[in-house]
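S.K.: Structure here, sequence nowhere to be found:
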């Protein structure tokens with residue numbers, strides 16, 4: 001059972017992370033010469049290694065405990081490596097708003113399914129209502145942006161599929177990191193080990209695709225910003241929140257990210273958002289309000305662990 005202080009602190013940490021992450025799509029547009037693979041590799045690769053570095057002492061102290069739960073570490077590391085490649089490719093093909101909305105908007109549902117299948121957690125009516133509002137908002141945003149940019153385009157469809165892959169891997173590494181924490185690993189060590197290992201997996205991709213980072217100052221500036229602010233600082237905040245609230249609740253709160261992304265895309269990039277898109281933004285905000293209601297109406301409660309769940 002979550003205390004009010006835990007819920008409030010965890011929610012605040014995840015909200016700050018979501019706001020920072022919402023800037024990544026707009027930031028990437030200022031370095032058009034960088035491929036989405038290069039953007040993803042430098043952002044999550046360097047950011048992940050920095051998280052591993054600052055958590056090195058904690059990881060060393062808990063290395064035996066981490067090794068005991070290595071299946072969660074390996075699962076999370078692979079998911080961390082795949083997520084940014086799919087996420088930035090999705091935004092490149094489908095646009096900043098649609099790519100972000102699909103990637104992040106699908107995460108609460110996918111996270112809930114992961115927890116339902118692997119942890120035996122049961123959905124409450126409150127969570128279902130909140131998630132339904134969020135998913136409806138996601139659909140409206142996608143339809144609005146698709147209508148503006150030609151939703152029948154094969155690139156847009158590919159971008160949406162990549163967004164679903166990003167949403168799944170995002171949910172998976174959130175679940176894996178939280179399982180490490182539940183196994184007794186300190187939050188800093190769990191996040192540092194997961195993202196540090198994922199960052200190492202991304203280094204070959206960065207070596208193969210990152211040459212344009214040194215070709216122009218704007219490319220380098222974007223790379224530095226992405227690695228240090230949304231990925232490093234943002235994930236520190238996310239780890240703080242994830243240690244205090246369920247992964248499914250955390251991924252639902254991050255539905256704020258596509259709202260921030262949509263606003264920045266309209267204000268800075270020049271993407272247009274019709275009335276139906278703004279209605280989608282409103283539904284996502286409503287989802288956040290429902291999901292984060294007081295403890296008596298928590299979005300998840302423990303269910304019986306099924307016998308086929310290990």
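M.R.: Thanks, I have it. Note that the coordinates shown come from a computational prediction; the quantities given were computed from them, not determined experimentally.

S.K.: Secondary structure element for residue 13, which one?
M.R.: Assigned by DSSP states H and E, residue 13 belongs to helix 4-21.

S.K.: Let me see the residues that make contact with the very next helix or strand once past that helix.
M.R.: The first helix or strand that comes after helix 4-21 along the chain, using DSSP H and E, is helix 24-28. Residues from elsewhere that reach helix 24-28 (C-beta atoms under 8 Å, 6 or more residues apart in numbering): 34, 36, 39, 43, 88, 91-92, 96-97, 99-100, 222, 225-226, 230, 261, 264-265, 268-269. C-betas here are computed from N, CA, C, even on glycine.

S.K.: Please pull out the lowest mean pLDDT helix or strand from the protein.
M.R.: The helix or strand of the chain with the poorest confidence is strand 300-301; it has a mean of 46 (mean pLDDT, DSSP states H and E).

S.K.: Now residue 261. Nearest residue, chain neighbours left out?
M.R.: Using C-beta to C-beta, 6 or more residues apart in numbering and skipping the chain neighbours, the partner closest in space to residue 261 is residue 100 (4.0 Å).

S.K.: count of residues packed around that neighbour?
M.R.: Residues near residue 100, counting by other C-beta atoms under 10 Å, number 31.

S.K.: Same check on the one 3 residues further on?
M.R.: Neighbour count for residue 103, taken as other C-beta under 10 Å: 31.

S.K.: Equivalent analysis for residue 78, please.
M.R.: Residues within reach of residue 78, counting by other C-beta under 10 Å, total 17.

S.K.: buried set for whichever strand or helix holds it?
M.R.: Assigned by DSSP H and E, residue 78 belongs to helix 70-94. The neighbour-count criterion (16 or more other C-beta atoms under 10 Å) identifies 72-73, 75-94 as the buried residues of helix 70-94.

S.K.: Geometric centre of this structure: which residue is closest?
M.R.: Note on the chain: the residue nearest the mean C-alpha position is residue 170, at 4.9 Å, using C-alpha atoms, centre = their mean.
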